[in-house]
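Chemist: Output the structure for:
(one chain, ligands or ions: 2)
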Amino acid sequence: MPDQTTTSASRAEKTERVVFGQGFLKDCWWFAALSGDLKPGKLQRFVFLGEPVLLGRDLDGKVYGIRDICPHRAAPLSAGQMVRDGSACVVQCPYHGWTFNTEGTCTSVPSLTPDQEMDVNRIKVRNYTVREQQGIVWIYITADARRPTEPDHEPPVLPGVVGGNPIIVETMDFDSHIDHAVVGLMDPAHGPYVHQQWWWRSAKSQLSKIKQFEPREHGFAMVRHAPSKNSRAYKILGGAPATEITFRLPGVRYEHIEVGPKQVLGLTCLTPIDDKTTRITQIFWSDHGLFRFISPLFRLGAKAFLKQDGDMVNLQNEGLKYDPSLLWIDDADTQAKWYQQLKKGMDVRTQ
Ligand code: FES
Ligand SMILES: [Fe+2]
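Modeler: Ligands and ions are numbered 1, 2, ... in the order given. Presented below is the predicted three-dimensional model:
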């Protein structure tokens, strides 16, 4: 007979996973950091999806991620140091000096006496798959901590002018579960009410516009259109800009603007930190001289947008405290519904 407690516990877990506003999508890529944030040998503690992660770059420049809890007595490995051990680079715990390679395997326990037989290589700390490409570090967190699998898909490859130094980077932590943050990011109907500023676009022009969507890998795109009539900020770039907005679920949105042969790429990434916190990172790259010139304006704009969204999230939290059921309507909430479907699909896949 199955153990009653276990059965109900796993049932509870199953239900929790598909509830909007709870749990995290696993077995997918999340934005972790910019390449420039990780210096060789420097140990940094991050929290992703409620898990402490030591994310770093070894002394030879390779990026790695391991759980930031020493399996001995739980000291954060990120408080230790990276040392060379022959040709390998290992992380040394600050408490008793155990060392771990960047795959998470223990390589030495200094307190062992010569007569103590212990296979230290059997001690492991969780290892995360990370990829560094186009100046971005992505992390893949599996649903089953004990069985890290090879990802069955790769992180997004962004179009255009990425890879060099970004012109603008803005980061903010929202007091919001990732599900609400993603839906907020995709939601087209809040713009005229939350983001009103003279230099962006007039409120009237944003309402009830029919947008054309088409499917993309792990997401969808709002197909290339000319935003220039309504967007005063883009107008400054000159020419006839064409823009395409792509959502790659679960937490990536990018806007690729082409002005003749020049481009601007604006990337927005959401990463769940824990149940109640989501980090939003906005990055802009461009090879357009004028964009560089007016980037202080864009930076202010990006900051203002994030603050407006953050203030709205705090207001929304006043309502969410009471755990109300939410009403999704067609058209304006279509993308939100797609996200929910994806979440359900992924949850089923990872059971
Ligand atoms: S806690 Fe890390 S070596 Fe003891
Ligand atoms: Fe917004």
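Chemist: what's the longest strand in the protein?
Modeler: strand 262-274 (DSSP state E).
Chemist: What segments of the stretch 1-150 of the chain are helices?
Modeler: 4-18 (DSSP state H, counting those that start in this stretch).
Chemist: low-scoring pLDDT stretches of it, where are they?
Modeler: 1-18, 148 (pLDDT under 70).
Chemist: Pull the number of nearby residues for I66.
Modeler: By the criterion of other C-beta atoms under 10 Å, I66 has 24 neighbours. Heads up, the C-betas are built off the backbone N, CA and C, glycines and all.
Chemist: sorry, back to before: how about the longest strand of the chain: buried residues?
Modeler: 262-273 (16 or more other C-beta atoms under 10 Å).
Chemist: Could you do stretch 137-148 as well?
Modeler: Applying 16+ other C-beta under 10 Å to stretch 137-148 flags 137-143, 148 as buried.
Chemist: Could you dump those residues into JSON lines and include distance to ligand 1?
Modeler: Converted to JSON lines, the buried residues of stretch 137-148 look like this (distance: C-beta to the nearest ligand atom, whole Å):
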{"residue": "V137", "distance to ligand 1": "25"}
{"residue": "W138", "distance to ligand 1": "28"}
{"residue": "I139", "distance to ligand 1": "23"}
{"residue": "Y140", "distance to ligand 1": "26"}
{"residue": "I141", "distance to ligand 1": "23"}
{"residue": "T142", "distance to ligand 1": "24"}
{"residue": "A143", "distance to ligand 1": "27"}
{"residue": "P148", "distance to ligand 1": "21"}
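Chemist: can you pull the contacts of the closest residue to T99 other than its chain neighbours?
Modeler: Spatially, and ignoring its direct neighbours in sequence, T99 is nearest to V90 (4.1 Å; C-beta to C-beta, 6 or more residues apart in numbering). V90 makes contacts with 82-84, 99-102, 107-108, as judged by C-beta atoms under 8 Å, 6 or more residues apart in numbering.
Chemist: Mind checking the pLDDT average for the lengthiest helix in the chain?
Modeler: Ranked by residue count and defined by DSSP state H, the top helix of the chain is helix 289-320. For helix 289-320, mean pLDDT is 88.
Chemist: Check which helices and strands it sits against.
Modeler: Judged by 3 or more C-beta pairs under 8 Å, 6 or more residues apart in numbering; DSSP states H and E, the packing partners of helix 289-320 are strand 168-174, helix 178-186, helix 191-194, helix 232-235, strand 262-274, strand 277-286.
Chemist: Buried residues, it. List them.
Modeler: 291, 295, 298-299, 301-302, 305-306, 308-310, 312-313.
Chemist: Present these as TSV; the columns should include distance to ligand 1.
Modeler: Shown next, in TSV, are the buried residues of helix 289-320 (distance: C-beta to the nearest ligand atom, whole Å):
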residue	distance to ligand 1
F291	48
S295	44
F298	45
R299	42
G301	46
A302	41
F305	43
L306	38
Q308	44
D309	40
G310	37
M312	43
V313	38
